[in-house]
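Novice: Sequence and predicted model, in that order:
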There are 2 protein chains.
Amino acid sequence: MMIRTLSTLECTKLLAANRTAHLACARDGQPYVVPLNYAYADSHLYAFSLLGKKIDWMRANPLVCAQIEEHTQGRGWRSVIVDGRYEELTDRIGHKVQRDRAWSVLSKHADWWEPGALKPVAPPMSDGSPHIFFRILVEKVSGREASE
Amino acid sequence: MMIRTLSTLECTKLLAANRTAHLACARDGQPYVVPLNYAYADSHLYAFSLLGKKIDWMRANPLVCAQIEEHTQGRGWRSVIVDGRYEELTDRIGHKVQRDRAWSVLSKHADWWEPGALKPVAPPMSDGSPHIFFRILVEKVSGREASE
């Protein structure tokens, strides 16, 4: 296998072309990693989640890491790693356009990783919605490609 | 989708049946996540790695998290999360049997995630080998299954 480093542009293209990441957060030195459906736009990964451990931990410590991979010809692959920062987007501070756009993208491209609760027909807009809308600011990105 | 919790036995079976995990470690509050090829035995995930960021960070902080998933019928999936502890295994303290066994398993089941350097014909045995042999003690395991 030949390994090469991806350029920042190649990394960004990979982020934009994919929908599933593995997202890691950490609290008190203990990491936690879960799959995440996301939509990329403007240097951010946008996502929805129910309340739970992941959101609790990212609220306590916004430093996160996301890894996104894609398989290429034969046994080849590309992998991109993002060092990022968690930012919660509430309705109150006017993120309706971003929320609607992200919901539209994610509901069109439902991937294998989809919690059962993330399937209402209408976007989770009301204040009473249990869905948290957040984004990960891509602060640093790096990637590699392996080809046969 | 119906979501249910996996039993500890079901989680262990999933760990034993798979070879690729996403492994997260953390340093100074910053998480880091990468794919990992592993072989499961006796409550541990065994793996090889070249020296680099992952090994540096796990040496500094042995608390790690591994997530392993498998796709089931239709859009169904199972996912297991391990809270674990990094332990480096050197030749000097007599882990030859474990090392040979892990190498044998991993070289037979080479998966998509295989750094180019991890392909010598002979196991990485000599003191001069750049391969680090380590295991993750499974301290806590939990899992979920989604089915249509």
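Specialist: Great, that's in hand. Numbering: from 1, shown residues only, chains lettered A, B, ... in the order given.

Novice: C-alpha only now, for contacts and for neighbours.
Specialist: Fine.

Novice: For chain A, list the residues in contact with chain B, please.
Specialist: Proximity of chain A to chain B, by C-alpha under 8 Å from any C-alpha of the partner chain, involves residues A:1-3, A:22-34, A:61, A:63-67, A:71, A:75-77, A:81, A:83, A:112-113, A:115-116, A:146.

Novice: can you pull out the helices in chain A?
Specialist: With DSSP state H applied, chain A shows helices at A:8-17, A:53-60, A:96-108, listed in chain order.

Novice: what residues does the longest one touch?
Specialist: Applying C-alpha atoms under 8 Å, 6 or more residues apart in numbering or on different chains, the external contacts of helix A:96-108 come out as A:19, A:37-39, A:46-47, A:123, A:133.

Novice: Which of those residues fall within strands?
Specialist: Counted as lying in strands by DSSP state E, out of the contacts of helix A:96-108, are A:37, A:39, A:46-47, A:133.

Novice: so what's the residue lying closest to A:Thr72 once chain neighbours are set aside up against?
Specialist: Distances taken as C-alpha to C-alpha, 6 or more residues apart in numbering or on different chains put A:Arg78 closest to A:Thr72, at 7.2 Å, once the chain neighbours are dropped. Contacts for A:Arg78 (C-alpha under 8 Å, 6+ apart) come out as A:69-72, A:143-146.

Novice: Now do the buried residues in stretch A:82-95.
Specialist: Applying a neighbour-count criterion of 16 or more other C-alpha atoms under 10 Å in any protein chain shown, the buried positions in stretch A:82-95 are A:82-89.

Novice: In contact with the residue nearest the centre of chain A, which residues?
Specialist: Using C-alpha atoms, centre = their mean, the residue of chain A that lies closest to the mean C-alpha position is A:Tyr38, 4.0 Å off. For A:Tyr38, the residues meeting the contact criterion (C-alpha under 8 Å, 6+ apart) are A:19-21, A:45-48, A:106.

Novice: List the contacts of A:Glu69.
Specialist: So A:Glu69 contacts A:21, A:77-80 (C-alpha under 8 Å, 6+ apart).

Novice: can you rerun that using 7 Å?
Specialist: In this structure, A:Glu69 makes contact with A:78-80, judged by C-alpha atoms under 7 Å, 6 or more residues apart in numbering or on different chains.
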